[in-house]
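Enquirer: pasting the sequence and the predicted coordinates here, then a few questions.
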Amino acid sequence: ANGGAIGLNTEATIAIDGQLVAHAGSIAFDTSLGTLTTRRDAVLKPGALLDVTGVWTNDVPDRVPVASVLPNGGTVTIHAKGSVLIGAGALIDATSGGWQQAKGGVASGPITGLGGDISIVSNYLVLGPYGVAPSAYPGRITLNGGVRSYGFGGGGRLMLATSDIRVGGSDPGDGRTLWLDPSFFTQGGFSQYGLISYNGLTVAPGSDIELHAQPLMLTPAASEARSGSSMTGLAVPGVPLPFQSVRPVNLVLSAIDPSTGTLVVGAGVQINSDPGATVKLHAGRQLTFDGVINAPGGTINFDLYGPQWNDRAQTLWIGADAQLLARGLVQTFLDQGGRPAYRMWAGGTVNINENGGDPDAYPYAAYPGVAAAGAVPGSTPGMGSLGAVVVQAGALIDVSGGTGTVAFPVRSGLSQTLMSLPLKTDAGAVNIIASQGLLLDATLLARAGGGATGGSLSIDQTMWTSHVGDTYQQPIGQLILTQAQSFA
């Protein structure tokens, strides 16, 4: 039935060689049950289908409203103790249906319907407690089929968690690394792409990641399609119109093992998003970034986070060619009636080591902060921000406000003219926590847009307490600021 649930939980491998359908419902696999330590996979064989697509409801031809409206896509969750193997031609589909409401027998309001979430996790519950030997991750993800989650108001969230991930460059072909071409982010319609690596995640130098919404658009066939019709032929992905309200596309890149979790974004990498998006980079061991993120009016988070072992070799390193851009923006366009309209975005926010415990960075809720069984309180370190923060000379962090001009209609008697009016937006904020050292040699900009309010800078160097048996003596904190130009 629509809205139903299918769950397969076992101590063995799960293999699907057909179709599982739960429109607007849920499908969940879990091979981690029991105490067996053997690898247990989840397999979608070639041509297999997991379908949680939403339901089409059209009040116009139906006249009488449908009792149960389920336009949103459902959820698919795959947790494998070993690998997740998706064969050629297999498909996981959480695309929305849609709901066309009516008033007086005439279509009224926008089509509603959001894509659902898809979560694919290999090596589920494999991480050992911190403070012991690094964990081994024998499982992998092979993604030879498709995943998608389009929606009229935006897609759902995708999470892929596996041992090693590489974006761009050449496929390592080592049988362990999930390799994704940058074009992967232009497919599937998701509103968030979350890549979580246990060991290492690399974005190859020169890669171009474009994060832009692709909402569903109705075709002419949809106007007379009765409720319950197949969505095939009723809608296709498209480019949002300027006045449409659509979820922006967010990105999460995370490498989380405390011993081996290294995230590297190489020189020349471009990450470009629509206004208001969030880009999150997270690592448990080392974070190195030398690319460009352009998220107008959005949020950029960098976090090096894990058990605080006082390892002076750890750094959150932002290179000389890096640019973190969350500038404000004024968008001008014509509304549905052809009238001049605008949308204003204040400068966004750049956070460094402010959001380390963000659940989006982890494959399951119990991952961070797990201490060894029977550990003496205080004998293992707490979880928190790690290492020194280094932002090299030449790097740019910019949260300045935006400016623009909009044409307003002005009536005088029987005539109407357009008058240009300048618009300006406030600047944003830069927030930094650096408890083990900070070298901030970058250019910081938070200028007001055309005379609006300037931005803010917050630096926190609060030291954390060492755990029992730790002989490392933290230095006395000292902060020296030299301003070469106005931050506001």
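Expert: Yep, it's here. For clarity, every value in this text was computed on a predicted model and none was experimentally measured. Numbers count the residues shown, from 1 in each chain.

Enquirer: what stretches of the chain score poorly on pLDDT?
Expert: The model of the chain has pLDDT under 70 over residues 62-67, 104-106, 127-134, 309-310, 366-382, 463-488.

Enquirer: beta partners of Leu8?
Expert: For Leu8, the beta-bridge partners under DSSP bridges are Phe29.

Enquirer: show me where the stretch 1-150 of the chain has helices.
Expert: Chain-ordered helices for the stretch 1-150 of the chain, with DSSP state H, counting those that start in this stretch as the definition, fall at 59-62.

Enquirer: with the stretch 251-400 of the chain instead?
Expert: Ranges of helices within the stretch 251-400 of the chain: none, based on DSSP H, counting those that start in this stretch.

Enquirer: what's downstream of the helix or strand harbouring Ser197, the next helix or strand?
Expert: Secondary structure from DSSP states H and E places Ser197 in strand 192-203. Once strand 192-203 ends, the next helix or strand along the chain (criterion: DSSP H and E) is strand 208-211.

Enquirer: which neighbours does the helix or strand that comes right after that next one have in its sheet, and in what orientation?
Expert: Downstream of strand 208-211, the first helix or strand assigned by DSSP H and E is strand 216-218. Strands that pair with strand 216-218, judged by DSSP bridges, come out as strand 235-237 (antiparallel).

Enquirer: what comes up buried for the partner strand?
Expert: Neighbour counts over strand 235-237 (16 or more other CB atoms under 10 Å) mark Ala235, Pro237 as buried. (Glycine included, C-beta is placed from N, CA and C.)

Enquirer: ok, stretch 20-30 next?
Expert: Using 16+ other CB under 10 Å as the test for burial, stretch 20-30 gives Leu20, Ala22, His23, Ala24, Gly25, Ser26, Ile27, Ala28, Phe29, Asp30.

Enquirer: picking up where we left off before, helices and strands around the strand holding Ser197, which ones?
Expert: Strand 192-203 sits against strand 157-167, strand 250-255, strand 262-265, with contacts defined as 3 or more CB pairs under 8 Å, 6 or more residues apart in numbering; DSSP states H and E.

Enquirer: name the residues that touch the second one?
Expert: Read it as strand 250-255. 159, 185, 191-201, 203, 209, 211, 261-263, 265, 271, 273, 277-285, 360-362 (CB atoms under 8 Å, 6 or more residues apart in numbering).

Enquirer: can you put the helices and strands packed on strand 192-203 in CSV and add distance to Leu423?
Expert: Compiled in CSV, the helices and strands packed on strand 192-203 are given as follows (distance: least, CB to CB, whole Å):
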stretch, distance to Leu423
strand 157-167, 33
strand 250-255, 26
strand 262-265, 34
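
Enquirer: adding mean neighbour count, write those out as CSV.
Expert: Below are the helices and strands packed on strand 192-203 laid out as CSV (neighbours: other CB atoms under 10 Å):
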stretch, mean neighbour count
strand 157-167, 24
strand 250-255, 24
strand 262-265, 24
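
Enquirer: hmm, what's the outermost residue in this structure?
Expert: Taking CA atoms, centre = their mean, the residue of the chain most remote from its mean C-alpha position is Gly413, at 52.1 Å.

Enquirer: what distance do you get for that one to Leu195?
Expert: 61 Å (CB to CB, to the nearest Å).

Enquirer: go on, Val52?
Expert: 22 Å.

Enquirer: which one of these two is surrounded by more residues?
Expert: Neighbour count, other CB atoms under 10 Å: between Val52 and Leu195, Val52 has more, with 31 against 24.

Enquirer: look up the closest residue to the more buried one, ignoring the ones flanking it.
Expert: Spatial nearest neighbour of Val52, chain neighbours left out: Gly74 (3.2 Å); criterion: CB to CB, 6 or more residues apart in numbering.

Enquirer: ok, Gly451 next?
Expert: Closest residue to Gly451 in three dimensions, ignoring its sequence neighbours and counting by CB to CB, 6+ apart: Lys424, at 6.1 Å.

Enquirer: relative to Tyr305, how far out is the residue farthest from the centre of the chain?
Expert: Distance, Gly413 to Tyr305, by CB to CB: 64 Å.

Enquirer: Arg39 now?
Expert: Taken as CB to CB, the span from Arg39 to Tyr305 is 29 Å.

Enquirer: residue contacts, the residue lying closest to Gly450 once chain neighbours are set aside?
Expert: In space, Gly450 comes closest to Lys424 once its chain neighbours are excluded; the distance is 3.6 Å by CB to CB, 6+ apart. Going by CB under 8 Å, 6+ apart, Lys424 touches Val330, Gly401, Gly402, Thr403, Ala448, Gly449, Gly450, Gly451, Ala452.

Enquirer: likewise for Gln187?
Expert: Contacts were defined as CB under 8 Å, 6+ apart; by that measure Gln187 touches Gly146, Arg148.

Enquirer: look up how far Ala88 lies from it.
Expert: On the measure of CB to CB, Gln187 and Ala88 end up 16 Å apart.

Enquirer: now do Ala313
Expert: For Ala313, the distance to Ala88 - CB to CB - is 43 Å.

Enquirer: look at those two and report which has more neighbours.
Expert: Under the criterion of other CB under 10 Å, the comparison of Ala313 against Ala88 puts Ala88 first, with 11 against 8.

Enquirer: ok, Gly34 touching Arg40?
Expert: No: at 9.1 Å, Gly34 does not count as touching Arg40 under the criterion of CB atoms under 8 Å.

Enquirer: more neighbours, those two?
Expert: Neighbour count, other CB under 10 Å: between Gly34 and Arg40, Arg40 has more, with 22 against 13.

Enquirer: let me see the contact set for the more buried one.
Expert: So Arg40 contacts Thr10, Glu11, Ala12, Thr13, Thr31, Ser32, Ala80, Lys81, Gly82 (CB under 8 Å, 6+ apart).

Enquirer: same question for Leu418.
Expert: Pro340, Ala407, Phe408, Pro409, Val410.

Enquirer: part of a strand, is it?
Expert: Yes: Leu418: assigned to a strand according to DSSP: H, G, I helix; E, B strand; the rest coil.

Enquirer: measure it to Pro248 for me?
Expert: For Leu418, the distance to Pro248 - CB to CB - is 30 Å.

Enquirer: could you do Trp179 as well?
Expert: When distance is defined by CB to CB, Trp179 is 26 Å away from Pro248.

Enquirer: helix, strand, or coil at Ser223?
Expert: Ser223 is classified as helix under three-state DSSP.

Enquirer: could you check how far Ala12 is from His79?
Expert: Distance, Ala12 to His79, using CB to CB: 14 Å.

Enquirer: joint contacts of these two?
Expert: With CB under 8 Å, 6+ apart, Ala12 and His79 have common neighbours Thr31.

Enquirer: who has more neighbours out of those two?
Expert: Legend: neighbour count by other CB under 10 Å for Ala12 and His79, higher for His79 (23 against 13).

Enquirer: identify the residue spatially nearest to that one, adjacent ones excluded.
Expert: Using CB to CB, 6+ apart, the nearest residue to His79 is Tyr124, at 4.1 Å.
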